[in-house]
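Asker: Using only what follows, build the 3D model:
(one chain, ligands or ions: 1)
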Amino acid sequence: MIQIENLQKTYGKTRALAGIDLVVPEGELFAYLGPNGAGKTTTIRILTGLTQLTGGTALLNAHDIRTRSRAAKRQCGLVPQQINLDGELTVRENLDIHGRLFAMPATKRKQRIAGLLDYVELSDRSDSLVKQLSGGLKRRVLIARALLHHPRILFLDEPTVGLDADIRRRIWGLIKKIQQDGTTIFLTTHYIEEAEFLADRVAFLDEGRIVALDRPDRLIAELGGWAVDQLADSGMKTWYYPDREAARDAMAGRDTGFTLRRVNLEDAYLAQTGKKVQ
Ligand SMILES: Nc1ncnc2c1ncn2[C@@H]1O[C@H](COP(=O)(O)OP(=O)(O)OP(=O)(O)O)[C@@H](O)[C@H]1O
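Answerer: Got it, this is the predicted structure:
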């Protein structure tokens, strides 16, 4: 479980987090959605002990990240946005170094690495140099590395950034599997479909604040199920309707140039913040 109260962070004069309140229960897959600069990475860096908060409190499975930082760190694994693997070493060697950092005994380390490589479907690449792997496979190595010490909470910072759509979907499958096996997941993304597909609940982050937090279907339902877009000289105009029939009725007899579609999380984000996520 993650419990955050009034979490704040300033870098010099920049206020990255302006007071975040949040509880993520055990076993949930929680998504933090926002555009570049909203404060997603800062939140993860604070929770995983990579940077210090400037106000508020945060607990990971009841361990305060400030007063019980070692215990708090043991609760969590981190998949960072940057691929910080050693390209000159093999997949197995990269994981082995990490296991040594956690002081895992050699036999246990070997078994755990073999099991994890199987879990992320990389067994056949265990002796490949990391620099020879595609972006999607490197992400899998990062995920295996983050899981090595059996964390109960996994932080994923933009886990599919820069990947092709089909590779992205395979990573989504892996993330779902990790959740189903009992790990709490905190994921940041600026991909709407990722949050919509994966998350039990999603928070909309804007300029260091949470402006909405709920299940994706509820955030969408608040606007209505269907949208009509019209491309006008002044830009795109959109109207929302509770159902398809109401949207069709509203379009009847109007000029062409209207498009009927389902409402998505991007609409909900735009309605809350006046901004687009991407
Ligand atoms: N080390 C730092 N020094 C100064 N300012 C920083 C630092 N790290 C982040 N910031 C600023 O804090 C704010 C939040 O940044 P953060 O990286 O958390 O956003 P983000 O939502 O993760 O965006 P991105 O998707 O680009 O990583 C931004 O205004 C950013 O410029």
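
Asker: State the helix or strand in which the most centrally placed residue in the chain lies.
Answerer: Nearest to the geometric centre of the chain sits Leu187, at 2.0 Å (Cα atoms, centre = their mean). In this assignment (DSSP states H and E), Leu187 forms part of strand 184-189.

Asker: next one: whichever helix or strand comes after that strand to chain centre, how far?
Answerer: Moving toward the C-terminus from strand 184-189, the first helix or strand encountered (DSSP H and E) is helix 192-198. Relative to the chain's own centre, helix 192-198 is displaced by 9 Å; criterion: Cα atoms, centre = their mean, to the nearest Å.

Asker: likewise stretch 205-218?
Answerer: On Cα atoms, centre = their mean, the centre of stretch 205-218 falls 13 Å from the chain's centre.

Asker: So what would you say the end-to-end distance of that stretch is?
Answerer: 17 Å (Cα to Cα, to the nearest Å).

Asker: do it and the ligand meet?
Answerer: No: Stretch 205-218 is not in contact with the ligand by Cβ under 6 Å from any ligand atom; minimum separation 6.7 Å. Any C-beta I mention is one placed from the backbone N, CA and C, and that applies to glycine too.

Asker: Name the residues of the stretch 1-150 of the chain found near the ligand, please.
Answerer: Residues of the stretch 1-150 of the chain lying near the ligand (Cβ under 6 Å from any ligand atom): Tyr11, Thr14, Ala16, Gly34, Asn36, Gly37, Ala38, Gly39, Lys40, Thr41, Thr42.

Asker: buried subset of those?
Answerer: Buried members of those, counted by 16 or more other Cβ atoms under 10 Å: Ala16, Gly34, Ala38, Gly39, Lys40, Thr41, Thr42.

Asker: Report the contact partners of the fourth one.
Answerer: So that's Gly39. By Cβ atoms under 8 Å, 6 or more residues apart in numbering, the contact set of Gly39 is Lys9, Ala16, Leu17, Ile20, Leu205, Glu207, Gly208.

Asker: 6 Å - rerun?
Answerer: By Cβ atoms under 6 Å, 6 or more residues apart in numbering, Gly39 lies in contact with Ala16, Leu17, Leu205, Gly208.

Asker: and what of the fifth one?
Answerer: Neighbour list for Lys40: Tyr32, Gly34, Thr188 [criterion: Cβ under 6 Å, 6+ apart].

Asker: Pick the one among these closest to Val79.
Answerer: Thr188 (10.3 Å; Cβ to Cβ).
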